[in-house]
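Peer 1: what would the 3D arrangement of this be:
(one chain, ligands or ions: 1)
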Amino acid sequence: MIGRWRIGDIEVANIVEYYGPTHQPEIVFPEFDRAVFAQRENELPPQHWYPGMNRLVIGIQLWVVFAGPNVIVVDTGVGNHKPRPAARMNHLNTLVPLWLEAAGVKPEKVTHVVMTHLHGDHVGWNTVFQDGRWAPTFPNARYVMPKRDFDYFKELSESGWAGDSSFADSVLPIVQAGLADFIDGQAEVADCLRVADAVGHTPGQLNFWLRSRGETGVFSADIFHHPAQILNPAWNTAFCVLPDEAKSTRLRFLDEVSSIGALVMPCHFPPPHCGFIRRHGDGFAYEPAT
Ligand SMILES: [Zn+2]
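Peer 2: Now for the predicted structure:
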């Protein structure tokens with residue numbers, strides 16, 4: 001449940017909230033084509049796809065960056081005891097706080113919580129239920145979130161069109177506690193993360209790039225939900241708010257990351273939960289990290 005990686009001098013950990021064979025490809029990818037998928041299906045690493053069940057393995061993880069004095073949590077999963085429409089996310093009761101401590105993350109020592117976007121599976125551990133209300137999990141952190149996503153999800157929440165209550169139970173309490181900072185054009189956050197626009201999956205989605213001693217890593221958010229989209233970049237997920245932008249962002253990202261050789265650290269990939277993207281003929285291939 002806990003992994004450790006290194007980008008130059010910077011140590012990174014991932015805490016896996018859960019993973020499993022949960023998603024039927026034709027439902028998660030509206031443009032899914034089984035014949036096209038079959039052409040490169042054997043390139044998917046073991047345990048990434050259960051053909052007998054017709055389920056892709058998808059997970060949820062929190063990333064932590066240890067950079068000098070800063071302890072930065074990147075995206076915060078689903079969280080515990082939260083009502084959610086999807087059965088796999090509804091009222092979770094995991095040991096994420098214990099796993100964070102095991103990774104060296106005491107809640108009060110976290111300096112920044114950085115969100116790539118504000119979907120419910122990326123903001124959940126922002127808050128915990130305490131004394132009858134949702135309270136900040138990391139009381140001394142600045143919670144940094146994209147302004148465009150905040151405006152978009154606030155509108156959805158207020159108009160009654162939100163898909164779940166995550167804005168109300170995991171984002172608003174942070175703003176009300178005075179802990180929120182909005183990214184609105186900044187080039188860098190938390191003294192080490194370069195901010196890059198990754199619009200498409202949501203209107204304000206961002207990527208965060210880390211660089212140290214000539215090595216590069218990138219928190220790629222939901223540009224992909226599964227390595228199948230590296231092999232088939234034209235497939236958006238059903239959760240992509242702006243489909244055309246999501247596709248062009250994915251292609252631009254594949255081009256950039258494969259030319260740099262950066263470690264790609266997404267939210268939802270199956271074990272080992274991160275890896276590299278290589279050029280492959282006219283397209284791209286996935287190489288899991290070791
Ligand atoms: Zn997500």
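Peer 1: phi and psi next, for the residue in the stretch 151-290 of the chain that the ion sits nearest to.
Peer 2: With C-beta to the ion as the measure, Asp222 is the residue of the stretch 151-290 of the chain nearest to the ion, at 4.4 Å. Where C-beta positions appear, they are placed from N, C-alpha and C, glycine not excepted. Asp222 adopts backbone torsions of phi -110, psi 30, taken as degrees, to the nearest 10.
Peer 1: OK, contacts around it?
Peer 2: Residues counted as contacts of Asp222 (C-beta atoms under 8 Å, 6 or more residues apart in numbering) are 116-117, 119, 122, 201-202, 205, 237, 239-240, 266-268.
Peer 1: most neighbours, which of these?
Peer 2: In terms of neighbour count, Gln205 stands highest of those at 30 neighbours, by other C-beta atoms under 10 Å.
Peer 1: I'd say that residue and Leu118 touch.
Peer 2: No. Here Gln205 does not reach Leu118: they are 9.1 Å apart, not a contact under C-beta atoms under 8 Å.
Peer 1: where do the contact lists of these two overlap?
Peer 2: Common contacts of Gln205 and Leu118, defined by C-beta under 8 Å, 6+ apart, comprise Pro146, Asp149.
Peer 1: among the contacts of Asp222, which are in reach of the ion?
Peer 2: Counting by C-beta under 5 Å from the ion, His119 from the contacts of Asp222 sit close to the ion.
Peer 1: which of the contacts of Asp222 fall within strands?
Peer 2: Applying DSSP state E to the contacts of Asp222, the entries found in strands are Pro266.
Peer 1: from the contacts of Asp222, which is closest to Phe167?
Peer 2: His119 (10.0 Å; C-beta to C-beta).
Peer 1: list the contacts of the closest one.
Peer 2: Contact analysis of His119 by C-beta under 8 Å, 6+ apart lists Ser166, Thr202, Asp222, Phe239.
Peer 1: and stretch 237-251, end to end?
Peer 2: End-to-end distance of stretch 237-251 (C-alpha to C-alpha, to the nearest Å): 15 Å.
Peer 1: what residues sit buried inside it?
Peer 2: Across stretch 237-251, burial judged by 16 or more other C-beta atoms under 10 Å covers Thr237, Cys240, Val241, Leu242, Glu245, Ala246, Lys247, Thr249, Arg250.
Peer 1: what is the host helix or strand of Ala135 packed up against?
Peer 2: Assessed by DSSP states H and E, Ala135 sits inside strand 133-136. Using 3 or more C-beta pairs under 8 Å, 6 or more residues apart in numbering; DSSP states H and E, the elements in contact with strand 133-136 are strand 127-130, helix 172-176.
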